[in-house]
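Trainee: Here is my input; please provide its structure:
(chains A and B)
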Number of protein chains: 2
Amino acid sequence: MASRIRIAIDCMGGDSGLHVTLPAAFRALLAYPDLELFLVGPKSTLESELDANNLYSLSPQTITIVDAPDSVLMSDKPASVLRHKRHSSMYVAVQLLKDKKINAVVSAGNTGALMAVGCYLLGTLTGIDRPAICARIPTHHGNANLLDLGANVNCSAKQLHQFAVMGAALSESVDGVRSPRLALLNIGEEQIKGNEQVKQAARLLGDDSRVNFIGSIEGDKIFSGDADVIVCDGFVGNVALKTSEGTARYISSLIKFEFMNGFLGRLVAFVAKPVLKRVFYKLDPQQYNGASFLGLQGVVVKSHGSSNVDGFLRAISQARSEVKINLPAIIEDHMAS
Amino acid sequence: MASRIRIAIDCMGGDSGLHVTLPAAFRALLAYPDLELFLVGPKSTLESELDANNLYSLSPQTITIVDAPDSVLMSDKPASVLRHKRHSSMYVAVQLLKDKKINAVVSAGNTGALMAVGCYLLGTLTGIDRPAICARIPTHHGNANLLDLGANVNCSAKQLHQFAVMGAALSESVDGVRSPRLALLNIGEEQIKGNEQVKQAARLLGDDSRVNFIGSIEGDKIFSGDADVIVCDGFVGNVALKTSEGTARYISSLIKFEFMNGFLGRLVAFVAKPVLKRVFYKLDPQQYNGASFLGLQGVVVKSHGSSNVDGFLRAISQARSEVKINLPAIIEDHMAS
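Mentor: Numbers count the residues shown, from 1 in each chain, chains lettered A, B, ... in the order given. Got it, this is the predicted structure:
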């Protein structure tokens, strides 16, 4: 039998901690028989939770509990986690990856801390200055990958270029897109538009035969399906992603308001509800949960802090896919070629 | 009788040129009896268009045709417009403002060129390094003003601070918001988040008693109504605004697709259509058309290039409101206080 894919779960991360991470872990074991999970957190807490729900007996061979008495808080500064929280579930999980006892880490904890611990313990791949956070977003034609989403508030042209190569590697190897169309997120499509970093990155990408660079796109094209990989600095990417979430929420609330308006509105709402539910299900960030920390020497996937069980399961599935094709090695190959 | 508000219309700007600008101009004259319009463009073209539609006779006292044989193209570089297009409708319109023959300019033309001509001919207000482009956006609770939207791809903390004071002046004097809540657009609400410019701008704004600074907000709060004025650099603001437009368009198309799906879908669509129409009408960028070039010595309002007659009328109305309260003087007062 082929060796299992071993993933460590930072059980204490996220707004709901183990009330989300544990059920998701068990659903992942049921869904993927090739999986083995390392549940990281305070041993007694984990054991009593597993006992109470009679979960441990389900698949004892594919579960290992790893004790980590401490937790990283959302308010913890990354540097302080590196110094003072080496017994936290997050740090211990990444340490397991460094020690090659597992193949990937999934955490819903503090993003900055996870990135700092990942960089410190794992280091970056050859040819990569800084890792980037990459998330999948829905578009008119399939999904796209957007990066960076906040790991790097300032990016040089060289870094944007590296992000592009990494995003293309992910799109091609994990999503199965042939020759993914790669675009820079910019404030105009013309070459003269943008800041110096973006203009220079466009020149670097235009000269790079490894990628299928299609030029710059504006924010209104993120969801159009014109590009498979969209690259920007972490400040811009974070604002773009969150603005799209806010817009969707705003529209959803406007629709609800209109449908609550009078008897006729409520009647229409009754019949239209299933249709609109399908629409907003497609947009639900939980469907796309699991941001990849690209550029680290190891697979690290970040779940949204407010993720539910479905979303966290999706993040575990993303980590599994990246391990199966050995994404870090593919990125390193792309960078070296 | 009080003197009229005199606004120059760059009749040739925008995707549809005078087929949008002229009908909007006449609707503005009907809507606002205190208005006098200077229609700038090739004299013979304008005259024949007015004759053909029998428009000139409607209000000959409140219309002046100003000849400008040339036009600025969307592809023209700003520097080249300053050198070679001094007889364009855009340049001539701004020249009228510089010569104090009018009180405001409205154009749907090339944004970069309009900003360059505005800066070159009018100059900036005392205390303002660079003008900013500011647009109104809908929120859960009234409208908000977002700036900068692309005039400045890189901004110092000092510039962000100036934008904030200008945006607050607009919100207070034109929109009638008392002590407008001012926020920086950032990638986290904590003080340690963001790039150096944003962090330093937060310190400057926290120390400035002229403004009601409420801290940083993330992209998902732009439409929440938590802030009346939202400040960022032009790259980020442009991406945020366009991403929200793209998201709305994407959701609208998903809804249409679901409603076209089968007989039941079409039946539901039939009854739900008026409700959804109201929702997307609220989000329609035409409703909020008319971006203010804040910081110039004069009122300049930019209409979206693809604006329709309703949208361009809205831009004229925005210019009229800013003239009525003399927004440039108010901004200068705020900066000096």
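Trainee: how about residue A:138, phi and psi?
Mentor: Note on residue A:138: backbone dihedrals following degrees, to the nearest 10 are phi -80, psi 150.
Trainee: Chain neighbours aside, what residue packs nearest to it?
Mentor: Sequence neighbours aside, residue A:282 is the residue nearest to residue A:138 in space, at 6.0 Å (criterion: CB to CB, 6 or more residues apart in numbering or on different chains). All C-beta spots, glycine's among them, are computed from the backbone N, C-alpha and C.
Trainee: Check the burial of that neighbour by counting its neighbours.
Mentor: With neighbours defined by other CB atoms under 10 Å in any protein chain shown, the count for residue A:282 comes to 15.
Trainee: Can you report phi and psi for it?
Mentor: Backbone torsions of residue A:282, given as degrees, to the nearest 10, read phi -60, psi -30.
Trainee: Double-check it against residue B:251; I have them as touching.
Mentor: No: the pair formed by residue A:282 and residue B:251 falls short of the contact definition of CB atoms under 8 Å, at 9.2 Å.
Trainee: longest helix of chain A?
Mentor: When every helix of chain A is counted residue by residue (DSSP state H), the longest turns out to be helix A:234-259.
Trainee: So for that one, what gets flagged as buried?
Mentor: For helix A:234-259, the neighbour count (16 or more other CB atoms under 10 Å in any protein chain shown) marks A:234-252, A:254-255, A:258-259 as buried.
Trainee: go on, stretch A:328-337?
Mentor: Within stretch A:328-337, the residues scored as buried using 16+ other CB under 10 Å are A:328, A:330, A:331, A:332, A:334, A:335.
Trainee: mean confidence score for it?
Mentor: Per-residue pLDDT values over stretch A:328-337 give a mean of 93.
Trainee: Just the element for residue A:268, please.
Mentor: helix A:262-283 (DSSP states H and E).
Trainee: what is the mean pLDDT for that helix?
Mentor: The predicted model assigns helix A:262-283 a mean pLDDT of 79.
Trainee: quick revisit: return only those of the buried residues of helix A:234-259 found close to chain B.
Mentor: Among the buried residues of helix A:234-259, the residues within reach of chain B (CB under 8 Å from any CB of the partner chain) are A:234-236, A:238-251, A:254-255, A:258-259.
Trainee: strand partners of the helix or strand where residue A:135 lies, parallel vs antiparallel please.
Mentor: Under the criterion DSSP H and E, the helix or strand holding residue A:135 is strand A:132-138. Paired with strand A:132-138 in the same sheet, following DSSP bridges, are strand A:143-147 (antiparallel), strand A:291-294 (antiparallel).
Trainee: how about these in CSV, adding mean pLDDT and mean neighbour count?
Mentor: Putting these into CSV (pLDDT from 0 to 100; neighbours: other CB atoms under 10 Å in any protein chain shown) gives the following:
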stretch, mean pLDDT, mean neighbour count
strand A:143-147, 96, 25
strand A:291-294, 97, 27
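Trainee: correct me, but residue A:314 touches residue A:285?
Mentor: No: under the criterion of CB under 8 Å, residue A:314 lies out of contact with residue A:285, with a separation of 10.0 Å.
Trainee: Mind checking which of these two has more residues around it?
Mentor: More neighbours sit around residue A:314 than around the other of residue A:314 and residue A:285, counting by other CB under 10 Å; the figures are 23 against 18.
Trainee: Tell me who's in contact with the nearest residue to the more buried one once chain neighbours are set aside.
Mentor: Closest residue in space to residue A:314, ignoring its immediate chain neighbours: residue A:289 at 4.6 Å, by CB to CB, 6+ apart. Residue A:289 sits next to A:303, A:304, A:307, A:310, A:311, A:312, A:314, A:315 when contact means CB atoms under 8 Å, 6 or more residues apart in numbering or on different chains.
Trainee: Return the distance of residue A:289 relative to residue A:133.
Mentor: 13 Å (CB to CB, to the nearest Å).
Trainee: Now do the strands in chain A.
Mentor: For chain A, the strands defined by DSSP state E cover A:5-10, A:35-41, A:63-67, A:104-107, A:132-138, A:143-147, A:181-185, A:212-217, A:229-231, A:291-294, A:299-302.
Trainee: circling back: which among the contacts of residue A:289 gets closest to residue A:160?
Mentor: residue A:304 (24.4 Å; CB to CB).
Trainee: Need the residue closest to the centroid of chain A.
Mentor: For chain A, the residue whose C-alpha lies nearest the mean C-alpha position (CA atoms, centre = their mean) is residue A:291; its distance is 0.5 Å.
Trainee: separation between that one and residue A:94?
Mentor: From residue A:291 to residue A:94 the distance is 16 Å (CB to CB).
Trainee: Show me which residues of the stretch 1-150 of chain A are close to chain B?
Mentor: The stretch 1-150 of chain A comes close to chain B at residues A:75, A:77, A:138, A:139, A:140, A:150, as judged by CB under 8 Å from any CB.
Trainee: quick one: low-confidence ranges for the stretch 51-200 of chain A?
Mentor: Screening the stretch 51-200 of chain A residue by residue with the criterion pLDDT under 70, one finds the ranges A:55-58.
Trainee: And the helices in it?
Mentor: Using DSSP state H, counting those that start in this stretch, the helices of the stretch 51-200 of chain A run over A:78-84, A:89-98, A:111-122, A:157-173, A:196-206.
Trainee: Looking at these, which is nearest to residue B:227?
Mentor: Once the helices of the stretch 51-200 of chain A are compared by CB to CB, helix A:111-122 is nearest, at 23.5 Å.
Trainee: What are the buried residues along the closest one?
Mentor: A:111, A:112, A:113, A:114, A:115, A:116, A:117, A:118, A:119, A:121, A:122.
Trainee: Apart from its neighbours in sequence, what residue is nearest the third one?
Mentor: Once its chain neighbours are removed from consideration, residue A:113 has its nearest residue in residue A:81; the separation is 4.2 Å (CB to CB, 6+ apart).
Trainee: same check, this time on the fourth one
Mentor: Spatial nearest neighbour of residue A:114, excluding adjacent residues (CB to CB, 6+ apart): residue A:107 at 5.3 Å.
Trainee: For the one you found, list the residues it contacts.
Mentor: Contacts of residue A:107 were listed using CB under 8 Å, 6+ apart, and they are A:9, A:10, A:13, A:14, A:90, A:93, A:114, A:300, A:301, A:302, A:303.
Trainee: Equivalent analysis for residue A:156, please.
Mentor: Residues counted as contacts of residue A:156 (CB under 8 Å, 6+ apart) are A:129, A:197.
Trainee: Also the one 3 residues further on?
Mentor: For residue A:159, the contact set (CB under 8 Å, 6+ apart) comprises A:129, A:130, A:132, A:152.
Trainee: Give me the buried entries from those.
Mentor: Buried subset of the contacts of residue A:159 (neighbour count, 16+ other CB under 10 Å): A:130, A:132, A:152.
Trainee: Go ahead and confirm the first one touches residue A:147.
Mentor: Translated: residue A:130. No: counting by CB under 8 Å, residue A:130 stays clear of residue A:147, with 11.5 Å between them.
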